[in-house]
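Engineer: no FASTA, just this:
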RNA sequence: GCGGCAUUGGUGAAGUGGUUAACACGCUAGUUUGUGGCACUAGUAUGCAAGGGUUCGAUUCCCUUAUGCCGCCCCA
């Protein structure tokens, strides 16, 4: 049997629905912040990542998927999203657009040649956003706020935002020197890995798991103490904006990120859920003002954030977050003989065109088996075709919840279903099959809001009956968008 | 790149150097002349990740490979 490649995953069934839902929430959040979706190629010239990330690190030397194509080009499957976005910004001369900063987001697969473990795969899906062309501290706060709000809208509660500032190049260098000076006398007391880090990447000693908690680490110099006045002022401004936006965070001097190109603001968002394993960072980001010029573009101030979809989904599962996932069908059409099957084919087509989710039998099961199948599919109604009924232009239709059965004229079947299915929990009276405002179409407006509630906020969706303490804005409050469900004061959250 | 543990049917799994690989769920069919979910009955792995070795004989022992889980390195 041919197996999937190491560190890759097949996502299907219910899990795939969860992914689609998470993606829809991401899209909605990005839209609110006015970040535009962009797609860049999955493979790029190897040089892009070598120059972007830096030659010396393990990352580029042994953790990318590299190959030479048939034309002799050196190709690398993208290990992250930022480099491609910056390349595109330069190549398409987006810096020339008067509409600055450029705010974009992406969502796609990345490839890293690593040994898989919990929360780490070789093919992973990341979403992220970048703001290119502004050094305003407000953009730092905006990116962090957007990241936090995505998690909130999804309904995650146990998250922690860690922020830090590395300062400008001058501050960074001063800090690095101070660290080396501080740790050198203690070199023999550090773990073996840290002894190597002291020379290669002293900042990462602060991240060490072995030495964590030791007095040497606790008393190490803090980035913040080495920020020059301008950098310090800038960091204070970022924190002020976060306070104004009511984003909770903690300044954590040990957040340093791995790459050289970061400066000023760096941040990580952790899942604080039990059982998450050692890789519990949902996402991270920071400012990278030097990258664009390093890639032959103009000097451009940028900040970005990226988050792993797999880890987000894992956090949602561990927190048992409820999601508005439609996994039932409106009607299952049963039949036994060939003549009935032909009518089933016709009826299936007809009702689907009318907007219902319709299923029928494809594997030759008997009636008993078809009833079981209808249950498995969570069919709300069952139509039992029988030749005699059909000759009388009638059909047996059964409510699969109450088990009540009616015999109705085929002429009124559509109206019958329409009435039955749209008078459930939801009273929006919607009769437009393409509107997703109704309970049957996944709106979630019937009981509780699906906006990913957090405490301490008031819902602004304008629906009285629906008591929500959601975080930030409810995403059913789409301004200027008219719902065609016909209920006043009820705003639809469909994206048309 | 380094290390620990794992891999038995559609699923969860038990098990042993030697005739038919437990048990449960599921699934299919029947009892039920076209209305299920209960009950009962029957069927449901020529196979124990793949390949090689030891042995009279291996799913069981050994080796290699693959994949999975967990950790280290690294972390974009």
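Structural biologist: Nice, thanks for sending it over. Please read all numbers here as calculations on a predicted model, not as lab measurements.
Engineer: for the stretch 251-400 of chain A, what spans make up the strands?
Structural biologist: Ranges of strands in the stretch 251-400 of chain A, per DSSP state E, counting those that start in this stretch, are A:263-271, A:281-287, A:302-308, A:329-334, A:358-360, A:379-384, A:394-399.
Engineer: by contact count, what packs against the longest one?
Structural biologist: Packing partners of strand A:263-271 (3 or more C-beta pairs under 8 Å, 6 or more residues apart in numbering; DSSP states H and E): helix A:137-154, strand A:159-165, helix A:229-244, strand A:281-287, strand A:302-308, helix A:309-318. Backbone N, C-alpha and C define where each C-beta goes, glycine included.
Engineer: and these as a markdown table, adding distance to RNA strand B, mean pLDDT and mean neighbour count?
Structural biologist: Formatted as a markdown table, the helices and strands packed on strand A:263-271 follow (distance: least, C-beta to the nearest atom of the strand, whole Å; pLDDT from 0 to 100; neighbours: other C-beta atoms under 10 Å):
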| stretch | distance to RNA strand B | mean pLDDT | mean neighbour count |
| --- | --- | --- | --- |
| helix A:137-154 | 13 | 97 | 23 |
| strand A:159-165 | 12 | 95 | 21 |
| helix A:229-244 | 19 | 97 | 16 |
| strand A:281-287 | 6 | 96 | 24 |
| strand A:302-308 | 6 | 97 | 24 |
| helix A:309-318 | 9 | 93 | 20 |
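Engineer: Generate CSV for these, with distance to residue A:115 as supplementary columns.
Structural biologist: Formatted as CSV, those follow (distance: least, C-beta to C-beta, whole Å):
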stretch, distance to residue A:115
helix A:137-154, 28
strand A:159-165, 26
helix A:229-244, 36
strand A:281-287, 18
strand A:302-308, 17
helix A:309-318, 16
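Engineer: end-to-end on stretch A:209-229?
Structural biologist: Using C-alpha to C-alpha, to the nearest Å, one end of stretch A:209-229 lies 32 Å from the other.
Engineer: in it, what's buried?
Structural biologist: Burial within stretch A:209-229, assessed by neighbour count using 16 or more other C-beta atoms under 10 Å, is assigned to A:211, A:216, A:217, A:220, A:221, A:223, A:224, A:226, A:227.
Engineer: So which of the residues you listed are in helices?
Structural biologist: Taking DSSP state H, the ones among the buried residues of stretch A:209-229 that sit in helices are A:216, A:217.
Engineer: Which of the buried residues of stretch A:209-229 sits closest to residue A:22?
Structural biologist: For the buried residues of stretch A:209-229, the closest approach to residue A:22 (C-beta to C-beta) belongs to residue A:223, at 33.3 Å.
Engineer: can you pull out the helices in the stretch 51-200 of chain A?
Structural biologist: Counting by DSSP state H, counting those that start in this stretch, the stretch 51-200 of chain A has helices at residues A:58-62, A:82-91, A:137-154, A:169-183, A:192-200.
Engineer: related to what we said a few turns ago, looking at the strands of the stretch 251-400 of chain A, which is closest to residue A:47?
Structural biologist: strand A:302-308 (19.6 Å).
Engineer: Could you report the distance from residue A:207 to RNA strand B?
Structural biologist: 6 Å (C-beta to the nearest atom of the strand, to the nearest Å).
Engineer: Mind listing what's buried along the least confident helix or strand in chain A by mean pLDDT?
Structural biologist: Between all helices and strands in chain A, the lowest mean by mean pLDDT, DSSP states H and E belongs to helix A:58-62, at a mean of 75. Within helix A:58-62, the residues that count as buried by 16+ other C-beta under 10 Å are A:59, A:60.
Engineer: helices or strands next to that helix in the packing?
Structural biologist: helix A:46-53.
Engineer: now the helix it packs on against helix A:82-91, angle please.
Structural biologist: On the basis of axes from the mean of the first three to the mean of the last three C-alpha atoms, to 10 degrees, helix A:46-53 is oriented at 100 degrees to helix A:82-91.
Engineer: elements contacting helix A:46-53?
Structural biologist: Helix A:46-53 packs on helix A:58-62, strand A:74-77, helix A:82-91, helix A:291-294, going by 3+ C-beta pairs under 8 Å, 6+ apart.
Engineer: what would these look like in TSV with distance to residue A:192?
Structural biologist: Listed next are the helices and strands packed on helix A:46-53 as TSV, based on distance: least, C-beta to C-beta, whole Å:
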stretch	distance to residue A:192
helix A:58-62	16
strand A:74-77	31
helix A:82-91	32
helix A:291-294	32
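Engineer: could you check the angle helix A:137-154 makes with the longest helix seen in chain A?
Structural biologist: If you go by DSSP H, chain A has its longest helix at helix A:13-32. Helix A:13-32 runs at 150 degrees relative to helix A:137-154, counting by the same axes, to 10 degrees.
Engineer: is RNA strand B contacted by helix A:13-32?
Structural biologist: No. Helix A:13-32 stays clear of RNA strand B (C-beta under 7 Å from any atom of the strand), getting no nearer than 12.1 Å.
Engineer: what separates residue A:36 from residue A:94, distance-wise?
Structural biologist: For residue A:36, the distance to residue A:94 (C-beta to C-beta, to the nearest Å) stands at 11 Å.
Engineer: Look at the two and report which has more neighbours.
Structural biologist: Comparing residue A:36 with residue A:94 by other C-beta atoms under 10 Å, the one with more neighbours is residue A:94, at 20 against 11.
Engineer: For the closest residue to the more buried one other than its chain neighbours, give me its contacts.
Structural biologist: Nearest residue to residue A:94 in three dimensions, chain neighbours excluded: residue A:102, at 5.1 Å (C-beta to C-beta, 6 or more residues apart in numbering). Contacts of residue A:102 were listed using C-beta atoms under 8 Å, 6 or more residues apart in numbering, and they are A:89, A:94, A:95, A:130, A:131, A:132, A:133.
Engineer: cool, and residue A:253?
Structural biologist: Counting by C-beta under 8 Å, 6+ apart, residue A:253 has contacts A:164, A:206, A:222, A:223, A:224.
Engineer: one more time with 7 Å
Structural biologist: A:164, A:222, A:223, A:224 (C-beta atoms under 7 Å, 6 or more residues apart in numbering).
Engineer: How about the last one: what's its closest non-neighbour residue?
Structural biologist: By that I understand residue A:224. Nearest non-adjacent residue to residue A:224 (C-beta to C-beta, 6+ apart): residue A:253, at 6.0 Å.
Engineer: what residues go with each domain of chain A?
Structural biologist: Using automatic domain parsing, the domain parsing of chain A gives A:13-168+A:228-318, A:329-421, A:439-496.
Engineer: Which one, of those domains, ends up nearest to residue A:193?
Structural biologist: Closest approach to residue A:193 among the domains of chain A is made by domain A:13-168+A:228-318 (12.0 Å; C-beta to C-beta).
Engineer: end-to-end on that closest one?
Structural biologist: With C-alpha to C-alpha as the measure, domain A:13-168+A:228-318 spans 19 Å from end to end.
Engineer: next one: stretch A:109-121
Structural biologist: The first and last residues of stretch A:109-121 sit 11 Å apart, counting by C-alpha to C-alpha.
Engineer: Report the buried residues of it.
Structural biologist: A:110, A:111, A:112, A:114, A:119, A:120, A:121.
Engineer: Same check on stretch A:179-189?
Structural biologist: So for stretch A:179-189, counting by 16+ other C-beta under 10 Å, buried means A:179, A:183, A:186.
Engineer: residues contacting residue A:76?
Structural biologist: Contacts for residue A:76 (C-beta under 7 Å, 6+ apart) come out as A:43, A:44, A:46, A:49, A:64, A:65, A:66.
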